[in-house]
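>>> got a sequence here, can you build the structure:
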Amino acid sequence: MKLRRTAPFLVGPAGDPALLLDRAEIPAEAACGAELLDRIRATLVTGAADATLTVEEAQAIVLGQYEACLEFIYSHPSWSRVRAGEATRFLHAYLLENRHYLAAAPFRMATGVGGSPRPDALNELQARHVVEEADHDTYFENGLAAIGCDRALVRAARPWPATVEWIHLMRTVADSGPLPAALCSGLLEFTAGNRTAVAGWHEHVAAGGQVSADAMAAIFEHVKTDLGLGHGSNWKEAIEVAGLVTATQLADSLNEITLVAEAIVRWLDSLDEGLSGDLVGVMPELTRDAAAVPALLGGEADGLPVWPAEILHLAAHGDPSLTTGMRAALATAFAYGEGVIERTAPVEQAAGRLAGPYAHQPVDGGGAALEKLVGEWMRAIDGHRLWTEMTERPTLPLVYGWLVENHHYVAAIWQHCGAGIAACPDPRLRALLVHHLEEEFEHGAMFREGIDKARGGDFGGLPVAHMRPLPTTRSFTGMLRGLAQRDWKAYVLGVAYLQLTLRAEGDGPAARHVSFYEAVTGRLPEARPLLDVMRRHDAEDTDLGHAHDVRQMLDLLSEHSIGPDTLASAALVPQLTWSFLDGIRCHYAHGPAAVVQRAGWHTDAVTGS
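Prediction:
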């Protein structure tokens, strides 16, 4: 069997993982060997760093990666349950979260339209795609209306965490320019390319009674519209318009495509296990307050209320111990907070009691009040299940993955802080952001070099520079960049939140950080060299006085008017910080195979971040 060139994917449960390489599943033990990893990595070289590929060469490689991605996406167990007629809740969630994803199309697609020095055919292709996709959420709203869901309640519902992650991943890709945007969108359009198979799937679902025939007919209109617009071939046209594609451009785009596939599978996990489907199941019983004030921002850009880590976990992943009533109440609370529900039915009253303690209160006062606010937002990461896993059941792959993803996060400082500097009109705050960038400038390299040294011969000797970030990491760092571009005040609040997680005490690091490292190394002594990398970073941040700098930022920020839209935008930072940590917890629980699986496309002269 001849295999396509593709980055590997991770399949199977945490206790019995395997690598999926195109159509071949490789047992975890074999996948972790240096010899096999070297052979895989050799196929992921797109050429010399300054090489170019012809249109035909680039299209062939992208097509092969698409087909391997679809093998991965359609291996998800939820599709088997759909075929067996046992997936009504999954399909309800599929309707609602697809609606949210499509409603965010202009937000996630338009940012890259101007990503070239002059208006050209690539710009035009992306701009047309934005216009054509702008109202496609209507098809899924129609499907939800067919099963009794009030359209206003559908629009007001908060997207689930994995949907927000996916939206921000696609926005991040689009921000890179119209070529990677077209190639990543192409994967999604490619899934609907076989009209006969897609039509058969919709008919099967309707015939089995899992979702009404009217609902399935409504959403199948979306497939027909996309096919009629020719979206399935946009990716080919983008490569043709680009002409020669460099090896570096192609490697970067292929890695983004693989992240989109992984984001979709994480999204499917959430539809399967989380509470979004429970919301759709109860939505026909909910009552709408016609006098309620609608949210200022779309759910993809509004993080209020800031939920505790455990509520975010339950919304995203569910829990077998939850009763049907508890699932419905949690889903309703998560979707609406203190929003548009009249709170008359029992499930609504229960949701109101859950949401009440986390309702946002207006911020009065100066920098101290802002610091108190972002301090309260720590609830999104305090108590995160990742910390329990690392302190009570640590494994070397989990600690290693935590360090690698932190490397990707720290290395992205140039992008989001640079955007914040460019957007900030206050010279004093701008100077503090420049100072922050200067102090963090070399920390990405510090992480990369420290991790590579501490790794030794483990994990096939895979260098950090050749490892793809998790899609949750890319969404997180991309969200910070996008936030800086559209709302500099919200970005400053986000920086304060992230820096104050260190919570320095006096002249030394926070006691809870010291105890965390001691707990991990007490159970896993071999992790000490890796944790020393993070300890060094913490110590440098403490020595540089980041907490003091942040308080200066907040004092200066308090002199500006901070509207509710800015607070809502800033509140997205704690949610996607939770997602960043949750992605690490979920992925690296699969052991050594999860580490080697991060091998990515590269040129033969990759340099570090």
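
>>> CA only for contacts and neighbour counts going forward, please
Will do.

>>> pretty sure Glu25 sits in a strand.
Yes - assessed with DSSP: H, G, I helix; E, B strand; the rest coil, Glu25 lies in a strand.

>>> and it, what is it in contact with?
18-19 (Cα atoms under 8 Å, 6 or more residues apart in numbering).

>>> same thing with Glu273?
Per Cα under 8 Å, 6+ apart, neighbours of Glu273: 316-319.

>>> try it again at 10 Å.
Residues in contact with Glu273 (Cα atoms under 10 Å, 6 or more residues apart in numbering) are 78, 89-90, 267, 314-320.

>>> reformat those as TSV; add distance to Val223, secondary structure and neighbour count.
Converted to TSV, these look like this (distance: Cα to Cα, whole Å; DSSP: H, G, I helix; E, B strand; the rest coil; neighbours: other Cα atoms under 10 Å):
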residue	distance to Val223	secondary structure	neighbour count
Ser78	20	helix	19
Arg89	22	helix	22
Phe90	19	helix	25
Trp267	20	helix	23
Leu314	32	helix	18
Ala315	29	helix	24
Ala316	27	helix	26
His317	29	helix	19
Gly318	30	coil	21
Asp319	33	coil	14
Pro320	34	coil	8
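
>>> between those residues, which is nearest Ser176?
Trp267 (22.7 Å; Cα to Cα).

>>> which SSE is immediately downstream of the helix or strand bottoming out on mean pLDDT in the chain?
When each helix and strand of the chain is scored by mean pLDDT, DSSP states H and E, helix 195-207 comes last, with a mean of 68. Per DSSP states H and E, helix 195-207 leads on to helix 213-229 as the next helix or strand towards the C-terminus.

>>> how far does that next one sit from its chain's centre?
Helix 213-229 sits 27 Å away from the centroid of its parent chain (Cα atoms, centre = their mean, to the nearest Å).

>>> from the rest of the structure, what touches the helix or strand just after it?
Note on helix 213-229: by DSSP H and E, the next helix or strand toward the C-terminus is helix 234-242. Helix 234-242 is touched from outside by 54-56, 58-60, 62-63, 120-123, 125-126, 129, 178-187, 189-190, 231, 243, 245, with contacts defined as Cα under 10 Å, 6+ apart.

>>> mind jotting down where the helices sit in the stretch 1-150 of the chain?
28-31, 34-43, 55-73, 77-83, 88-103, 105-109, 121-133, 137-146 (DSSP state H, counting those that start in this stretch).

>>> in the shortest one, which residues are buried?
Of the residues in helix 28-31, those scored as buried under the neighbour-count criterion (16 or more other Cα atoms under 10 Å) are 28, 31.

>>> that helix packs against which elements?
strand 18-21, helix 34-43, helix 592-596 (3 or more Cα pairs under 10 Å, 6 or more residues apart in numbering; DSSP states H and E).

>>> who touches it?
Identification of contacts with helix 28-31 by Cα under 10 Å, 6+ apart yields 8, 10-11, 16-20, 25, 36-37, 40, 459-460, 590-594, 596-597.

>>> hmm, try it at 8 Å
Around helix 28-31, the neighbours that count as contacts under Cα under 8 Å, 6+ apart are 16-19, 36-37, 592-593, 596.

>>> same question, the fifth one
Applying Cα under 8 Å, 6+ apart, the contact partners of helix 88-103 are 78, 82, 133-141, 143-144, 154-155, 159-160, 163-164, 166-167, 210-211, 271-272, 276-278, 280-281, 299.

>>> how about a cut-off of 6 Å?
Helix 88-103 is contacted by residues 137, 140, 210, 271-272, 276-277, 280 when judged by Cα atoms under 6 Å, 6 or more residues apart in numbering.

>>> among those, find me the one that's closest to Val374.
Minimum distance to Val374 across the contacts of helix 88-103 is 27.5 Å, recorded for Ser276 (Cα to Cα).

>>> and the closest residue to that closest one other than its chain neighbours, how close does it get to Ser475?
The shortest distance from Ser276 to any non-neighbouring residue, by Cα to Cα, 6 or more residues apart in numbering, is to Ala93 (5.0 Å). According to Cα to Cα, to the nearest Å, Ala93 stands 21 Å off from Ser475.
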